[in-house]
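*Asks:* Everything below, folded, please.
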Amino acid sequence: MSFFEPAPPPPEPSERQWSPPAWDRPSEGSLPATLAVDAVLSQEEDAVVAIPHLDVYPNGFRVNVAILLNPRRAHEIQGLVHRGPMGMVRVGVEFADGRVGGRGLRRGPFDLPKDDQGVPTQPYVGFGGGGGGTGGWRFGAWVYPLPPDGPLKIVVGLPPPANSESAPRSTDQLCAPPASGPGSSGADGLRRDARASDDQTPAGASAPSSRRSTM
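*Replies:* Now for the predicted structure:
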């Protein structure tokens, strides 16, 4: 006979399972379609800043930013970079219908204006991962939702020197990224790639808890 009293029976499993909202991260269980951009935003003696490609998901897209440092001055440059409140770089977007995202200094999704279902009513731009070393850095910015038809503007603010204000040192713009296929351009190419990404969602993957962006 055990010294301890028997443990209570485990609780019944809940029928409701938590799943992330459909807007603050890429669709889970989905392989992104890759939209090649290969755009050099800034090319100076100390560093090159580029957007090599976008990762397109059914519910949004990720902007990939690469900063390649001059290998002869990499350590010196890293010591001069000021890491402001938003990190190394700031990324913003402007849709063809005039909506903008990423302009403010929000650190998260909590203070965004939302509708009755908790879905943002303006584009959301959040940190999408990154890292680097002595040779440079790579950063991702997650953007929700997919843009409407028409030109898409992506704005990248570069980090200022450590002894300056925390505002970006300079801003470079990329308008209407190249099409993903014949006859498509700008946001149209993003939406076409999103359909391809949606087709690659594995069977049985859990659906997001909020409504999904539609084409």
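
*Asks:* Let me see the backbone angles for residue 77.
*Replies:* phi -70, psi -40 (degrees, to the nearest 10).

*Asks:* how many neighbours does it have?
*Replies:* Using other Cβ atoms under 10 Å, residue 77 has 17 other residues around it. Yep, even glycine has a C-beta here, placed from its N, CA and C like the rest.

*Asks:* Who are the contact partners of it?
*Replies:* Applying Cβ atoms under 8 Å, 6 or more residues apart in numbering, we find residue 77 in contact with 46, 47, 69, 70.

*Asks:* Could you export those residues as CSV, including secondary structure and pLDDT?
*Replies:* CSV is the format used below for the contacts of residue 77 (DSSP: H, G, I helix; E, B strand; the rest coil; pLDDT from 0 to 100):
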residue, secondary structure, pLDDT
46, coil, 83
47, strand, 83
69, strand, 85
70, coil, 86
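
*Asks:* Sort out which one of those residues lies nearest residue 152 for me.
*Replies:* Comparing the contacts of residue 77 against residue 152 with Cβ to Cβ places residue 47 closest, at 24.9 Å.

*Asks:* excluding its backbone neighbours, what's nearest the closest one?
*Replies:* Leaving aside its sequence neighbours, residue 47 sits nearest to residue 69 (Cβ to Cβ, 6 or more residues apart in numbering; 5.2 Å).

*Asks:* Residue 25 and residue 2, how far apart?
*Replies:* Distance from residue 25 to residue 2, counting by Cβ to Cβ, to the nearest Å: 46 Å.

*Asks:* which one of the two has more residues nearby?
*Replies:* A count of neighbours by other Cβ under 10 Å puts residue 25 above the other of residue 25 and residue 2, at 18 against 5.

*Asks:* Which pLDDT value belongs to the more buried one?
*Replies:* Residue 25 carries a pLDDT value of 90.

*Asks:* Surely it touches residue 129?
*Replies:* No: using Cβ atoms under 8 Å, residue 25 is not in contact with residue 129; the gap is 10.2 Å.
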